[in-house]
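Colleague: Quick check, what structure comes out for this input:
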Amino acid sequence: MLVRNLRRLSGRAVSIMILTALVLGLAPLAAGATGGGSNEVGYWCEAGVKFDHVDAPTFTVPEPPEGYRWSLLVLKAGSTGCSVDEESFQIPDPVVGRAYSWEGTSDGVPVTKDISHAILCKEPIPPEVTLQFTKIWIGDDRGDATVEFFVNGRGPIAEGQVVVVTHLQGQTIPLEEKVTGLPESCSYESDLPETLAIPEVEEDTLITVTATNEVTCVPEKETTTTTTTTVPTEVLPIVVTTPTTTVPTEVLPIVVTTTVGTEVSPVVAETLPFTGSNDLGWLALAGVALTLGTILVVGSRREDIEA
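Modeller: Here you go, the predicted model:
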């Protein structure tokens with residue numbers, strides 16, 4: 001009788017545990033279990049939930065219990081089909097509501113398989129740590145320049161935007177910035193730190209990073225434009241003057257032979273062709289008249305002597 005009662009009590013206790021797990025949506029629950037090796041929660045974390053018999057190509061992450069967050073998702077490949085190189089596929093910080101699939105290889109070749117079961121590791125939600133950037137511009141006019149930031153290689157993050165970095169507590173992360181739209185003749189220097197240590201806090205904390213960019217612009221050189229105007233060359237008419245050559249008139253000597261007692265016939269002067277100017281022509285005629293006059297005078301004197 002006693003044994004029968006103990007069995008009833010044990011059955012009721014198991015039923016209550018299963019019912020509680022179903023109400024929370026976390027059945028079946030196996031927190032801290034170590035039996036079964038990598039197939040159990042305790043192999044991966046101190047507290048978590050195992051979901052058996054997924055038997056589907058994807059697994060959708062449910063909401064975690066209040067006050068907790070999921071820190072790790074482990075997907076186990078099913079045993080059907082080909083063998084795989086690694087049965088467990090891990091996804092850190094899984095996102096609630098997102099469907100994940102198992103990824104792996106068989107003899108180094110990528111393959112797809114259904115999921116046998118899934119394990120979600122949980123941890124208490126720590127105080128939230130957020131980060132915000134503020135930019136100050138000094139120096140010359142930056143024009144339309146804007147800046148974007150990158151945290152731990154992720155971004156871009158706009159100036160004034162608040163991002164959650166709670167999961168980075170206790171780490172030193174790199175910071176970067178990218179400036180666009182700065183005039184070509186300008187440059188800048190920034191005092192943004194290269195790294196930032198995210199502290200471990202006990203309450204919600206906002207970290208503000210203020211960076212100053214000093215802009216220096218080089219004045220553009222004035223451009224001198226030289227305009228060359230071509231004046232058309234005036235073509236003047238060329239007048240060719242042919243000089244007139246005056247050929248002097250050749251005066252031929254006139255020889256008159258007279259015989260005593262012989263009547264002298266009047267000498268007729270031969271007119272030479274005129275090739276010169278009018279003045280030379282008159283001179284030639286005057287020379288002929290003078291010659292005739294001399295002959296006549298000489299002839300008259302001879303007649304007087306003979307008489």
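
Colleague: What distance do you get for the residue nearest to Gln90 when sequence neighbours are not counted to Pro65?
Modeller: Counting by CB to CB, 6 or more residues apart in numbering, Gln90 lies nearest to Val74, which is 5.5 Å off, once chain neighbours are set aside. For the C-beta atoms, the positions are set from N, CA and C on the backbone; glycine is no exception. Counting by CB to CB, to the nearest Å, the gap from Val74 to Pro65 is 18 Å.

Colleague: So for stretch 121-135, what gets flagged as buried?
Modeller: Across stretch 121-135, burial judged by 16 or more other CB atoms under 10 Å covers Cys121, Lys122, Val129, Leu131, Gln132, Phe133, Lys135.

Colleague: So in that sheet, which strands flank the longest strand along the chain, and in what orientation?
Modeller: Counting residues, the longest strand in the chain under DSSP state E turns out to be strand 205-217. Taking DSSP bridges as the criterion, strand 205-217 forms sheet pairs with strand 129-139 (parallel), strand 186-190 (antiparallel).

Colleague: I'd like the buried residues of stretch 121-135 laid out as JSON lines, including pLDDT and distance to Val61.
Modeller: Compiled in JSON lines, the buried residues of stretch 121-135 are given as follows (pLDDT from 0 to 100; distance: CB to CB, whole Å):
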{"residue": "Cys121", "pLDDT": "96", "distance to Val61": "12"}
{"residue": "Lys122", "pLDDT": "95", "distance to Val61": "11"}
{"residue": "Val129", "pLDDT": "93", "distance to Val61": "23"}
{"residue": "Leu131", "pLDDT": "96", "distance to Val61": "25"}
{"residue": "Gln132", "pLDDT": "96", "distance to Val61": "28"}
{"residue": "Phe133", "pLDDT": "96", "distance to Val61": "30"}
{"residue": "Lys135", "pLDDT": "93", "distance to Val61": "36"}
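
Colleague: can you put these in CSV and add distance to Val41?
Modeller: Below are these laid out as CSV (distance: CB to CB, whole Å):
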residue, distance to Val41
Cys121, 7
Lys122, 9
Val129, 27
Leu131, 32
Gln132, 37
Phe133, 39
Lys135, 46
